[in-house]
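> Structure for the following, please:
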Amino acid sequence: MAKDNTKKSEKKKSKAKNGSQAKKTPLPLPLSPPNPDLGDELLDTIPEDNSVTAKSLQKVKLSSASAVASSNSSQHAQMNGEQVGSPQSDVAGSAVNELMYGAQERPQGGKPRDSALCNKRARMFSLFLILLLTGIGVGIHFIVQAVDDDDDVYRVPTMAPTFPTFDDFIPAFTYSQAQIQIIDDVLLNLSSEMGNVFISVDLEYTSTPHGVCRNWLTQSDEIDLNVGTTNDVERIEQRYILCLLFEQMSGAGWTMGNGTFKDSTAHECTWEGVTCNGEDYVAVLDLWDRNLIGRIPEEIVSLETLKVLRLPNNSIAGTIPDRLLDLPDLLWLDLSDNQLTGSVFSSTASASSLLTLYLNSNSLRGTIPYFSKLTSLRIHGNGFSQLNDLYMTSKSLKRLIAYDNAFQGTFPQTWNLPSLIHLDLGMNAWQGSIPQSLWRNTPNLEFLLLNDGQLKGSLPSTTASPNLSYVWLQSNRLAGTVPASFGQNWVNLTSLQLQGNSLQGSITQQQCSYWQFPEVVQADCNSQSFSCACCTSCS
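Residues are numbered from 1 along each chain as shown. Okay, the predicted model is just below:
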């Protein structure tokens, strides 16, 4: 233990000796002396410390006074060229060091303490980092600018990502009670025009298509119809009627393409199958083969701007709305291949603009009204029993296809159809003969199909049309011989069928030379009373 104490004492003496040899460098003194009256205030601001004694405070005051005197002497010495560094200044410097740094003196050589050194290095590193980042940013700017200048043609602008905002979860607008009342009034008026008895509460029933569409229009639809403006009635009716079409005809099961129907976020003119005119009113409604099931809403007749309505190849049942064919601008109506029943009505058929009417493959009956501007009428595969005689003398009619119906009685005897191309009245119960006017007053006829009836009479010797390519007269009661000039101008003949009649004689090789390359020529050439030089098949 004595040895350990001796060693410690020696270390302390060595440490003290080294410390006394270190050069004491005083800190620079302030140009103006501190206020001597602040001694007590300075004491108040310093936390209580037992190491600070009255003797120390007295030493600080004396040092301060000596510092002032030393400062003045130094300035005077500098002005006279004398060397500054008197013992008094060293004493003053030591006092200041002791006040600022405590009992520990500043390290030898004037180097700052470790914390000051670290702060200096941190500031230098921060300055270096700022300069580095600035240089990188400037470099990137010039690189991007160079790419822009060289590759403008190939650049594709990048859209900034969008994020939902609070507004996205709030409806774009809501109708006021006054606006809802306007909508209800429009819908009630529309229903009354259709002959439906409605009261206001009926529109609120969500179990009916009308109630569903009313609530959708007033509560869920996100398209502002500008309710209250001069054109609001047409838009309200239009959007409501299209909604009814969707709801009443099982719209949830429709087979759609790339679009949608009854889209609450889109104008109805953008819905699939809907095309509008320049004023945003529906002009074309084309839902061909979309799996429509149910009845056509009566309200569809209020789409007065409708020009084309095509709903074929669906499962539409019920009757055709009574006033549908009275739409003033309707040009094309195709309801073929459905399950429609009842009759076809029109109170303004003579003044109609209708050009095309396809009602084939349904279960319709009665008589087709006469549309004077009609160019194409397809009503085959129904139960129609009468055909308006005016169709046999129409100047505009090009196609009359009415096979497989319930027509009976005498075959029409007066024909004058200068534009007619296609006539198909087969598979009916027509009686009587084929009149000469049919052969002579149809100069553009290409298809003549009168098969499977009860027609009598003989074949004509000449015909007006050189364009006949299909002539089907089989399965009737025709008799007599085939005239030698029969079909001599049919240069485009493709199919001639005469079997199932009571014809006699023959079709000679000379007659066959009239026809270029017919695909089918068929007759009762297996019988002893008839022969055929160029028949492709015999019955």
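> alpha carbons only for contacts and neighbour counts from here, please
Fine.
> got the contact list for residue 338?
Listed by C-alpha atoms under 8 Å, 6 or more residues apart in numbering, the contact set of residue 338 reads 312-317, 361-362.
> what residues are up against the residue nearest to residue 416 when sequence neighbours are not counted?
Closest residue to residue 416 apart from its sequence neighbours, by C-alpha to C-alpha, 6 or more residues apart in numbering: residue 393 at 4.6 Å. Contact analysis of residue 393 by C-alpha under 8 Å, 6+ apart lists 414-417.
> Per-residue pLDDT of residue 393, please?
You'll see residue 393 listed with a pLDDT of 97.
> What are the phi and psi values at it?
Main-chain dihedrals, residue 393, degrees, to the nearest 10: phi -130, psi 20.
> What of residue 360?
phi -70, psi 160.
> I'd like the distance between it and residue 449.
Taking C-alpha to C-alpha, to the nearest Å as the measure, residue 360 falls 17 Å from residue 449.
> Give me the more crowded residue out of these two.
Neighbours were counted for residue 360 and for residue 449 using other C-alpha atoms under 10 Å; residue 360 has more, 25 against 20.
> what's the burial count for the nearest residue to the more buried one once chain neighbours are set aside?
Once flanking residues are discounted, residue 360 sits nearest to residue 379: 4.2 Å by C-alpha to C-alpha, 6+ apart. Counted with other C-alpha under 10 Å, residues neighbouring residue 379 total 23.
> which residues in the stretch 301-450 of the chain form helices?
Counting by DSSP state H, counting those that start in this stretch, the stretch 301-450 of the chain has helices at residues 436-440.
> Quick one: mean pLDDT over stretch 125-136.
pLDDT averaged over stretch 125-136 gives 79.
> I figured residue 341 hits residue 365, correct?
Yes - at 7.4 Å, residue 341 counts as touching residue 365 under the criterion of C-alpha atoms under 8 Å.
> now residue 242, nearest residue through space, not along the chain?
Going by C-alpha to C-alpha, 6+ apart, residue 242 has residue 262 as its nearest residue, at 7.4 Å.
> repeat for residue 329
Closest residue in space to residue 329, ignoring its immediate chain neighbours: residue 307 at 5.3 Å, by C-alpha to C-alpha, 6+ apart.
> which residues touch the one you found?
283-284, 329-332.
> Next step: the residues you listed restricted to strands.
283-284, 332 (DSSP state E).
> Which helix or which strand is home to the residue nearest to residue 242?
Using DSSP states H and E, residue 262 falls within no helix or strand.
> Next, the contact list for it, please.
If a contact means C-alpha under 8 Å, 6+ apart, then residue 262 has 242-243, 246, 268, 271 as its contacts.
> Nearest to residue 133 among these?
Proximity of those to residue 133 was ranked by C-alpha to C-alpha; the top entry is residue 271 with 53.7 Å.
> circling back to that earlier point, most neighbours among the contacts of residue 393, which one?
That'd be residue 417 among these, by other C-alpha under 10 Å, with 23 neighbours.
> that older thread, mind checking which of the contacts of residue 338 land in strands?
Per DSSP E, those map to strands at 315-317.
> Reformat these into JSON lines and put pLDDT, distance to residue 495 and neighbour count next to each item.
Converted to JSON lines, those look like this (pLDDT from 0 to 100; distance: C-alpha to C-alpha, whole Å; neighbours: other C-alpha atoms under 10 Å):
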{"residue": "315", "pLDDT": "98", "distance to residue 495": "35", "neighbour count": "18"}
{"residue": "316", "pLDDT": "98", "distance to residue 495": "36", "neighbour count": "24"}
{"residue": "317", "pLDDT": "98", "distance to residue 495": "37", "neighbour count": "18"}
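> can you put the residues you listed in CSV and add distance to residue 463?
What follows is the ones in strands among the contacts of residue 338, written out as CSV (distance: C-alpha to C-alpha, whole Å):
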residue, distance to residue 463
315, 43
316, 43
317, 43
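> Noted, bye for now.
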